[in-house]
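>>> Give me a 3D structure for the following:
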Amino acid sequence: MQPHRFFVVSIALLYVAGCASVPKRADTPLDTVPNQWATPQANQQPVDANWLKHFNDPDLEAIVAEAMANNPNLLATAARLDQARAEARLAGADRLPAVALGLGGARQRNSNLGPQPSSSSYSNRTNLDLNLSWELDLWGRLRNQSAAALAQAEASAADLAAAHLSLAAQTAKAWFTYSEAAAQVVLAEAEAENYATNQATLESRYRSGLSNSLELRQIRTEAANAQAGLHTRQRARDQAARRLEVLLGRYPSATLTAPTDLPTLPAAVPAGLPSDLLLRRPDLIAAERRLAASSQQVRAARKEWLPKLSLTGATGTSAPEFAELLNNNFRVSSVAGNLLQPIFQGGRIRGNVDRRASQQAQAAAAYHNAALQAFLEVESTLAAETLLRAESQQLQRAADEASAAATLAWQQYRSGTLDFLNVLRSERVAANARSRYLSLRQQLLSNRIDLHLALGGSFRNP
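Numbering: from 1, shown residues only. A predicted model of the protein is given here:
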């Protein structure tokens, strides 16, 4: 083979042999995975690919889209993915030959120092070189390193998917928390207005001699407490608005508006099969890919004991004149090989093998723990929804009954058949029941979002 063709053939061979394959999936981290969820009410249908639509709230979808575009943490995660991809390209570059083009020139002066009068002559030399160096991956060490980098890039891609899903869930929960806080303000305003009206009624009754000073002071206390409660609810609404604005990448000015009516909880969620969770949840995929990467790194570290074969080559021209550099009559070429067998490294190779092995053990334990946590989250949220639904029904009934009892108490007080303390107690019970029911509706929605997050169900950016 002609020397100048060595480079073209080498690069072609390396392109074919240098494509690192992605490591295969690691084994399931759990000994057994059940065929169905422990919660009997769990729907075994495949997980929905667009859970955000379930809430039938266009404003929510717009808010999530804004968070996807502007959230700083998400942008940082996306940048980390770009970094991982670049590092994978760098690892793959070690398997390809390094080629460099060089241009150089020299001028040499030759002087005659003999008995005859001194004289000098000059010679010129110009070089144009194409140099190649290449470590042959005889044992697959570089291939293992490249495969590990690819697996790390896949883990970063899964991290980004998990960050998208988490941000969508956080934003939706923050949206409903803000809506609930705004609705609580509406309830508190109505309560404060009701106490103000009742206080005016008792002031009139007191002036007419129909009520005593104790009842008057009691209603004034309750009216002041209602006003204080209103300010507490307003403060909670303000904080919820600012937290949501930060998620959206906005300045936390508390100028965002939210509806004061929470949506009805959608129908039961399709939960799929437990075994599918390992293939669907982005955080589990990331943990599995990091375990696969660590396995490749262990293999690469062990192959450091084996000899390394490197080839170097050069081709080019060397001519006395620059204009003659492209003349084949002045072509020079060389090829050399180098075989290096490690003998003593001061424990470096052994230490690196042990370090990689410990990292693999850590990755395996992290994958195992992530899987357990994932199943825990799904089972917990499935069970919680059943109990929260039952609790919601009872709280709704309690709120309706308490409101009716408060109305009846005031009627009986005015007719003189009920003491004022029972009236105040009825008012407090009714207000507390309405507030608890509203809070539980928000908890139901948040638990549903947590269930979508636990299942790893995707969503589409609006």
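>>> just for the stretch 1-150 of the chain, where's the confidence low?
Low-confidence segments of the stretch 1-150 of the chain, defined by pLDDT under 70: 1-21, 102-125, 127-128.
>>> What are the boundaries of the helices in it?
In the stretch 1-150 of the chain, the helices defined using DSSP state H, counting those that start in this stretch lie at 6-17, 58-70, 72-93, 141-207.
>>> Please identify which of those helices is closest to Tyr251.
helix 58-70 (11.3 Å; Cβ to Cβ). Where C-beta positions appear, they are placed from N, C-alpha and C, glycine not excepted.
>>> and that closest one, what other elements does it pack with?
helix 141-207 (3 or more Cβ pairs under 8 Å, 6 or more residues apart in numbering; DSSP states H and E).
>>> now the helix or strand harbouring Thr386 and helix 141-207, what's the angle there?
Using DSSP states H and E, Thr386 sits within helix 348-414. Relative orientation of helix 348-414 versus helix 141-207 (axes from the mean of the first three to the mean of the last three Cα atoms, to 10 degrees): 20 degrees.
>>> roughly how far out does helix 348-414 sit from the chain middle?
How far helix 348-414 lies from its chain's middle: 19 Å, per Cα atoms, centre = their mean, to the nearest Å.
>>> Report the rounded mean pLDDT for it.
Averaged over helix 348-414, pLDDT sits at 92.
>>> just stretch 282-294 next, same as before
Per-residue scores along stretch 282-294 average to 93.
>>> Who are the contact partners of the most centrally placed residue in the chain?
Nearest to the mean C-alpha position of the chain, counting by Cα atoms, centre = their mean, stands Ala163 at 1.9 Å. By Cβ atoms under 8 Å, 6 or more residues apart in numbering, the contact set of Ala163 is Asn73, Leu74, Thr77.
>>> Break this structure down into its structural domains.
As given by automatic domain parsing, the domain ranges for the chain are 1-20+96-111+119-136+308-341, 33-95+139-306+350-455.
>>> now the ones you listed as JSON lines including distance to Asp27?
JSON lines is the format used below for the domains of the chain (distance: least, Cβ to Cβ, whole Å):
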{"stretch": "domain 1-20+96-111+119-136+308-341", "distance to Asp27": "21"}
{"stretch": "domain 33-95+139-306+350-455", "distance to Asp27": "9"}
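>>> before we move on, back to that, give the other helices and strands that the helix holding Thr386 contacts.
By 3+ Cβ pairs under 8 Å, 6+ apart, helix 348-414 packs against helix 277-280, helix 282-302, helix 420-455.
>>> Just confirm Glu215 contacts Phe420, I think it does.
Yes - with contact defined as Cβ atoms under 8 Å, Glu215 and Phe420 form a contacting pair (4.5 Å).
>>> Now do the helix holding Thr386 against helix 420-455, angle only.
Using the same axes, to 10 degrees: helix 348-414 against helix 420-455 is 150 degrees.
>>> Please list all residues in contact with Glu189.
Leu230.
>>> just use 31 as the starting number from now, easier for me
Sounds good: first residue 31 from here, last item Glu219.
>>> Any figure for the gap between it and Ala270?
17 Å (Cβ to Cβ, to the nearest Å).
>>> now do Arg247
When Arg247 is compared with Ala270 (using Cβ to Cβ), they lie 35 Å apart.
>>> Looking at those two, which is more packed in?
Between Arg247 and Ala270, counting by other Cβ atoms under 10 Å, Ala270 is the more crowded of the two (23 against 12).
>>> My guess is the more buried one contacts Tyr208. True?
Yes - counting by Cβ under 8 Å, Ala270 does reach Tyr208; the two are 4.2 Å apart.
>>> Just the pLDDT at Gln229, thanks.
Looking at Gln229, the pLDDT reads 88.
>>> One more: Glu351?
61.
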